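In: Just need the structure, nothing else, for what follows:
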Amino acid sequence: MGYELFIALRYLRARRRQAAVSVISGIATAGIAVGVAALIVALALMVGFRTEVQEKILEGTAHLNLLKPDNSGIEDYRDLVARVGRVPGVRAASATIYASGLLTAGDRQEHVVLKGVDLGAPRASNEVFATTVEGDPAALASPGGEAADGVVVGKELARALGLRVGEEVTVVTAQSRLTPLGLQPRPRYTRLRVVGVFASGLYDYDSKWAYISLAAAQRLSGGDDTAGVIQMKVEDIDAVAEVGARVLAAAGPGFMTTNWQELNRPLFAALSLQQKVIIVFFTLLIAIAALNIVTTLTMSVIEKHRDIAILRAQGATPRAVMRIFMLQGVMIGLVGAALGVTLGLGLSWLANAYQLVSIPAEIYSVSYVTLKVRPLHCAGIALLAVAISLLATIYPARSAARLSPVEALRYE
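Out: As a prediction, the model looks like this:
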């Protein structure tokens, strides 16, 4: 052990006449620990929320969509599905169509988005097969005759309408007809039988979406054998833009693509901004706590001026004296960072074990957040705390190095 580190450790030990310095050192250590723990928990919360929302979005929706810019129907959708399904990076593809209507059960009504499911396509291309928690989406196939078409409703939608598997509901859709007064809306009533309930984990989908067969959706939209969108699941969700470019090349002119990143860019941009604000805020909190290190070392320099003079007289260089006090501040930062990381990990574990971070699902789409602690974040925050502590030592350490031994010992 170098003598600078040895002396720094001795100065940090409590003595009766240095009680004030020891108390301030303890406050500085505690402040850094609290700041580090708070930043770890805040980042774990943001990462957990972002990951939770992203997983729900990817599980409950398509990764990539192919459609026409004017949203007109795709007539040769079967051949198009086969072509884009062979594009490298595309895991599965299927045709779909969207329709809106009013779902009625007894005296309850809810506006819904009806999404057609191509039951002849691979199951991996239709998210309803992965998110259904009750019933079987395969029963969406029209039984023919007078029997009602099947429908899979969202968990929250089923709760709002009081629906159970096997019950029948009525969907009201609006179609236009030409009259002497021009185009007039004409309501159409269609019976649907609940064959399943899905839970994507996203409140907006679970409360407003329902799945029907592609044939039933085509009938509700006008009866043409067309599709509105070719939806795809891709192998690498981060390379969805590159896959989309290859899909456009395979589809030919007259098409456009949208992907999960584009459709959710405002959400993830807002989350990224929040994370940056949190990092800046808690970094300032750690810096404020590190100001106590300046106070501690300044008082230590005042009390130890005789010791500093003796060291200088015995041959210690100004740089060595400076290192003694810088080591004091660094050790306070190291202890505070270690305690903060331990505290942050403990709080994160408690929050996950007891699901303490519950949020309104109606606003944030998820009911509670699982904190996800990244080792790299912990290491970076700890290094940041030590670096701030080191910066806080510069002024008092330079003051100690500039102390003249003759002046310090003159009145002793």
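In: Which residues are in contact with the residue most central in space within the chain?
Out: Centroid-nearest residue in the chain, with C-alpha atoms, centre = their mean: residue 50, separated by 0.5 Å. Counting by C-beta atoms under 8 Å, 6 or more residues apart in numbering, residue 50 touches 268, 271, 275. Every residue, glycine included, has its C-beta placed from N, CA and C.
In: phi, psi of residue 149?
Out: phi -70, psi 160 (degrees, to the nearest 10).
In: since we're on it, how many residues are nearby?
Out: Around residue 149 there are 22 other residues, counting by other C-beta atoms under 10 Å.
In: That one reaches residue 210, doesn't it?
Out: No: with contacts counted by C-beta atoms under 8 Å, residue 149 stays clear of residue 210, the gap being 11.2 Å.
In: Can you tell me the element the residue nearest to the centre of the chain falls in?
Out: helix 19-60 (DSSP states H and E).
In: going on from that helix, what's the next piece of helix or strand?
Out: strand 64-67.
In: what comes into contact with stretch 155-169?
Out: By C-beta under 8 Å, 6+ apart, the list of residues contacting stretch 155-169 reads 103-106, 108, 110, 112, 133-135, 148, 151, 153, 191-199, 203, 206-210.
In: and what of stretch 24-38?
Out: 12, 282, 285-286, 288-290, 292-293, 295-296, 299, 332-333, 335-337, 339-341, 343-344, 347, 381-382, 385, 388-389.
In: Just the buried positions in that stretch, please.
Out: Residues of stretch 24-38 classed as buried by neighbour count (16 or more other C-beta atoms under 10 Å): 24-25, 28-38.
In: Output these as JSON lines; include the columns pLDDT and distance to residue 358.
Out: Shown next, in JSON lines, are the buried residues of stretch 24-38 (pLDDT from 0 to 100; distance: C-beta to C-beta, whole Å):
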{"residue": "24", "pLDDT": "78", "distance to residue 358": "39"}
{"residue": "25", "pLDDT": "81", "distance to residue 358": "39"}
{"residue": "28", "pLDDT": "87", "distance to residue 358": "35"}
{"residue": "29", "pLDDT": "91", "distance to residue 358": "33"}
{"residue": "30", "pLDDT": "92", "distance to residue 358": "29"}
{"residue": "31", "pLDDT": "91", "distance to residue 358": "29"}
{"residue": "32", "pLDDT": "94", "distance to residue 358": "30"}
{"residue": "33", "pLDDT": "95", "distance to residue 358": "27"}
{"residue": "34", "pLDDT": "94", "distance to residue 358": "24"}
{"residue": "35", "pLDDT": "93", "distance to residue 358": "25"}
{"residue": "36", "pLDDT": "95", "distance to residue 358": "25"}
{"residue": "37", "pLDDT": "96", "distance to residue 358": "21"}
{"residue": "38", "pLDDT": "94", "distance to residue 358": "20"}
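In: got JSON lines for those, with distance to residue 165 too?
Out: Below are the buried residues of stretch 24-38 laid out as JSON lines (distance: C-beta to C-beta, whole Å):
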{"residue": "24", "distance to residue 165": "67"}
{"residue": "25", "distance to residue 165": "66"}
{"residue": "28", "distance to residue 165": "62"}
{"residue": "29", "distance to residue 165": "59"}
{"residue": "30", "distance to residue 165": "57"}
{"residue": "31", "distance to residue 165": "57"}
{"residue": "32", "distance to residue 165": "56"}
{"residue": "33", "distance to residue 165": "53"}
{"residue": "34", "distance to residue 165": "51"}
{"residue": "35", "distance to residue 165": "52"}
{"residue": "36", "distance to residue 165": "51"}
{"residue": "37", "distance to residue 165": "47"}
{"residue": "38", "distance to residue 165": "47"}
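In: Which one of the residues you listed is nearest to residue 69?
Out: residue 38 (48.0 Å; C-beta to C-beta).
In: Helix or strand next in line after the host helix or strand of residue 112, which one?
Out: Assigned by DSSP H and E, residue 112 falls within strand 108-117. Using DSSP H and E, the helix or strand that follows strand 108-117 in sequence is helix 128-131.
In: quick revisit: what does the strand holding residue 112 contact?
Out: Against strand 108-117 from outside (C-beta under 8 Å, 6+ apart): 94-103, 126, 128, 137, 140, 151, 153, 157, 160-162, 171, 207-218, 220, 227.
In: which of those count as buried?
Out: 94-97, 99, 101, 103, 126, 128, 137, 140, 151, 153, 157, 160-161, 171, 207-218, 220, 227.
In: and those, which of them are in strands?
Out: Among the buried ones among the contacts of strand 108-117, the members found in strands (DSSP state E) are 94-96, 99, 101, 103, 151, 153, 171, 209-213.
In: hmm, which of the contacts of stretch 155-169 are the buried ones?
Out: Buried among those (16+ other C-beta under 10 Å): 103, 105, 110, 112, 134-135, 148, 151, 153, 192-199, 203, 206-210.
In: Show the buried residues in the contacts of stretch 24-38.
Out: Of the contacts of stretch 24-38, these count as buried by 16+ other C-beta under 10 Å: 12, 282, 285-286, 289-290, 292-293, 295-296, 299, 332-333, 335-337, 339-341, 343-344, 347, 381-382, 385, 388-389.
In: what sits against residue 284?
Out: Counting by C-beta under 8 Å, 6+ apart, residue 284 has no contacts.
In: Looks to me like it is in a helix.
Out: Yes: the assignment for residue 284 is a helix, going by DSSP: H, G, I helix; E, B strand; the rest coil.
In: Which strand residues bridge residue 174?
Out: Using DSSP bridges, the bridge partners assigned to residue 174 are residue 187.
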